[in-house]
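Trainee: Test case, fold it:
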Amino acid sequence: MGPDNLSSPQKGAAQTGAAIVFADEASFRQDPTLFRTWARSGQQPHVPTYGKRNTRHVLGAVSLTGTSFTYRFASTLNGESYLTFLQQLVNLFAPQPLAVIADNARYHKHPEVRAWCQAHADQLRHWFLPPYSPQLNAMERVWGHVRRCATHNRFFETVPALVGSLRATFRSIQRRPAAIQGYMAPYQ
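Mentor: Numbers count the residues shown, from 1 in each chain. Got it, this is the predicted structure:
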């Protein structure tokens, strides 16, 4: 892709040699999520459920170079958990500068997050996507992959079983980044 086709964050990152990282959050519930599947005609598969809304929140980021994926579980999604995740990203990519592209979640613009980003402007540039445009965030495609591989059409008897399935899928992506490489092509 030529420089004329790059977005503003990508152009800025290319000029500074920064790694481009898309960040996003997702919530995964213990309740099963039904997705298309194969079954004999007239025999719809049934996935049992407890009807519990136990939810696990995950912050994730994917780098366009090398398709590296990192994540962090959080008890709640707020400015504090997002700031901790940004610190994790900066440490992971150090000493290379980082261009983080994220959506407009309120806690992404929390005063503490803004202050920290300004204080670490030499290490991190924070870019925001236009409102209501999840299709522009590469992490959304990764979350779709995770849901297909880890949670769709599955019954989790316990929350640790859900977390175990998520961790196994995350580790699989980290060991074999080629599994999500195709999702990154439109963003490179």
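Trainee: for T70, helix, strand, or coil?
Mentor: Three-state secondary structure (criterion: DSSP: H, G, I helix; E, B strand; the rest coil) places T70 in strand.
Trainee: Next one: the residue lying closest to it once chain neighbours are set aside relative to P160, how far apart?
Mentor: If you skip the residues right next to it in sequence, T70 has A61 as its closest partner in space, 5.4 Å away by CB to CB, 6 or more residues apart in numbering. Just so you know, the C-beta spots here come from the backbone N, C-alpha and C atoms, and that holds for glycine as well. Here the criterion is CB to CB, to the nearest Å. By it, A61 lies 24 Å from P160.
Trainee: of those two, who's got more company?
Mentor: Per other CB atoms under 10 Å, whichever of A61 and P160 has more neighbours is A61, with 26 against 9.
Trainee: Kindly provide the whole-number mean pLDDT of the helix or strand containing that one.
Mentor: With secondary structure defined by DSSP states H and E, A61 is part of strand 55-63. For strand 55-63, mean pLDDT rounds to 96.
Trainee: same deal with stretch 78-91?
Mentor: Stretch 78-91 comes out at a mean pLDDT of 96.
Trainee: what kind of secondary structure is the residue lying farthest from the centre of the chain in?
Mentor: For the chain, the C-alpha farthest from the mean C-alpha position belongs to G42; by CA atoms, centre = their mean, that distance is 37.2 Å. Secondary structure assignment for G42 (three-state DSSP): coil.
Trainee: For the residue nearest the centre of the chain, give me its contacts.
Mentor: In the chain, the C-alpha closest to the average C-alpha coordinate belongs to G60, at a distance of 3.3 Å (CA atoms, centre = their mean). Residues in contact with G60, defined by CB atoms under 8 Å, 6 or more residues apart in numbering, are 23-26, 69-72, 139, 142-143.
Trainee: Summarise which helices and strands the strand ranked longest in the chain is packed against.
Mentor: Longest strand of the chain, by residue count under DSSP state E: strand 19-29. For strand 19-29, the contact count by 3 or more CB pairs under 8 Å, 6 or more residues apart in numbering; DSSP states H and E identifies helix 8-16, strand 55-63, helix 79-93, strand 98-102, helix 138-146 as packing neighbours.
Trainee: who does the fourth one touch, helix- and strand-wise?
Mentor: Read that as strand 98-102. Applying 3+ CB pairs under 8 Å, 6+ apart, we find strand 98-102 packed against helix 8-16, strand 19-29, helix 79-93, strand 124-128.
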